[in-house]
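Q: Quick one: sequence and predicted model below, then my questions.
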Amino acid sequence: MEKLILEPKNKTPKLIFDPISGKMEVSGVSSAENSLEFYKPILAWIEEYKQHSQPETVVEINYKYFNTSSAKCILDMLERFVQLKSVGTNLIVNWYYEKDDEEMYDAGVNFSDILETSFNLIEIE
Amino acid sequence: MLNFLEIHKQMRMNSIALFFKGYVTFELIDSIIMIVSSRLEHLENNIGVRKRVYGVLTECLQNLCNHVESTSELKDSTELNYDLHSAVIMVDSDNEGYFIKTGNFVSNGKIDELKKALEGINTLTKDELKEKYNKILSNKVFSEKGGAGLGLIDIARKSGKKLEYDFEKVDNKFSFFSFQITISKNG
């Protein structure tokens, strides 16, 4: 299975999903007016990874901003990762937020609550 | 003769002044967001405030754009010669906060629904807004465009103030919708 690498654009984040190391990184902004188009292939990739998942998967989420059109897609993406637990993967979710960015901290807590999965909330400068 | 020096002085009083009137597209609002956010980098030290202004502006203008697009079927259906597809956008600030103001035409039939949504949001407390946001998010009642009123709730949460709005009747088909969002500088 191939790595999934997406270069950052004005309104979409940088993304590196590595099926060998089990490390999944998302960083930057997600503010496209129709985010579904961007996230659909990502969701499909995670579905495939589920068949070949590593014993440990580390998800690194580092959004600077996301709009409401992306919020649902991000929840869907995180939900797919949480489902990996059902195939025996140890899942670690690291949610990064910039110092003083209360909204991004809250967003991490919210997603964690909705998915009933604990996230490591990590402050960065 | 128009006195541009006076206009210049007046605009300088506001630390960000952006005024636009015309047809709104996603390309255009991307440029507006970029202009405002680069000015904010210089003017606003508080990263939380900066992000809230950026977030509110993005949601607000994307909403506006979606809305203006969906009124296109109403083209030329009014006797009066209004530029129905155009909108006005203004961003300014004073010592207290930032103001994002938009204005656009809406068909009279849509006013009640919009008014109800805005009134409903204005009655909610901070915690209730958060609860409603999470409920809609986890409900999966989402359209392809995003939706289900999540944008307005997000705007209200980031603003922390009541949403201000007004409908002014233009004729028996259209009204002009004015919308103003305040983001305090003191967080």
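A: Now that the structure is in, tell me what you want to look at.
Q: need the contact list for residue B:132.
A: By CB atoms under 8 Å, 6 or more residues apart in numbering or on different chains, the contact set of residue B:132 is B:124, B:153. Where you see a C-beta, it was placed from the backbone N, CA and C, and this is true even at glycine.
Q: Repeat that for residue B:44.
A: Residue B:44 neighbours (CB under 8 Å, 6+ apart): B:50, B:53, B:185.
Q: Buried ones among the residues you listed?
A: B:50, B:53 (16 or more other CB atoms under 10 Å in any protein chain shown).
Q: What residues does chain B have near chain A?
A: With CB under 8 Å from any CB of the partner chain as the criterion, chain B comes near chain A at residues B:26, B:30, B:46-48, B:51-52, B:54-55, B:58-59, B:62, B:65-66, B:130, B:133-134, B:137-138, B:140, B:142, B:144-146, B:150-151, B:154, B:157-158.
Q: show me where the chain has strands.
A: As the question left the chain open, I've gone with chain A. Secondary structure of chain A by DSSP state E: the strands cover A:4-6, A:14-18, A:23-30, A:56-66, A:90-98, A:120-124.
Q: that's the wrong chain, I meant chain B
A: Counting by DSSP E, one finds strands in chain B at the ranges B:18-23, B:86-93, B:97-107, B:164-169, B:174-184.
Q: other SSEs contacting the fourth one?
A: So the one you mean is strand B:164-169. Here strand B:164-169 touches helix B:111-123, strand B:174-184, going by 3 or more CB pairs under 8 Å, 6 or more residues apart in numbering or on different chains; DSSP states H and E.
Q: can I get the ones you listed in CSV with mean neighbour count?
A: Below are these laid out as CSV (neighbours: other CB atoms under 10 Å in any protein chain shown):
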stretch, mean neighbour count
helix B:111-123, 13
strand B:174-184, 19
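Q: I'd like those written out as JSON lines, with mean pLDDT added.
A: As requested, the helices and strands packed on strand B:164-169 are exported to JSON lines (pLDDT from 0 to 100):
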{"stretch": "helix B:111-123", "mean pLDDT": "94"}
{"stretch": "strand B:174-184", "mean pLDDT": "94"}
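Q: I'd like these laid out as CSV, including distance to residue A:105.
A: Shown next, in CSV, are the helices and strands packed on strand B:164-169 (distance: least, CB to CB, whole Å):
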stretch, distance to residue A:105
helix B:111-123, 23
strand B:174-184, 18
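Q: Go ahead and confirm residue A:42 touches residue A:15.
A: Yes - contact criterion CB atoms under 8 Å: residue A:42 and residue A:15 qualify, at 6.9 Å.
Q: Next, count neighbours for residue B:83.
A: For residue B:83, the neighbour count with other CB atoms under 10 Å in any protein chain shown is 10.
Q: Tabulate the CA atom coordinates of the lowest-mean-pLDDT helix or strand in chain B in CSV.
A: Using mean pLDDT, DSSP states H and E, the weakest-scoring helix or strand in chain B turns out to be helix B:4-13, at a mean of 81. The C-alpha coordinates for helix B:4-13 follow below in CSV (Å, rounded to 0.1, in the frame of the first residue of the first chain):
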residue,chain,number,x,y,z
PHE,B,4,-11.0,61.5,-1.6
LEU,B,5,-8.9,63.1,1.1
GLU,B,6,-11.9,63.2,3.4
ILE,B,7,-12.7,59.6,2.6
HIS,B,8,-9.1,58.7,3.2
LYS,B,9,-9.1,60.4,6.6
GLN,B,10,-12.3,58.7,7.6
MET,B,11,-11.0,55.3,6.6
ARG,B,12,-7.7,55.8,8.4
MET,B,13,-9.6,56.3,11.6
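Q: Of all residues in chain A, which one is closest to chain B?
A: residue A:69 (3.5 Å; CB to the nearest CB).
Q: Could you report the neighbour count for that residue?
A: The local packing of residue A:69 (other CB under 10 Å) involves 28 other residues.
Q: Who are the contact partners of residue 119?
A: Since no chain was named, I'll use chain A. Residues counted as contacts of residue A:119 (CB under 8 Å, 6+ apart) are A:93, A:94, A:95, A:108, A:109, A:111, A:112.
Q: now it: how far from residue A:19?
A: Residue A:119 sits at a distance of 22 Å from residue A:19 (criterion: CB to CB, to the nearest Å).
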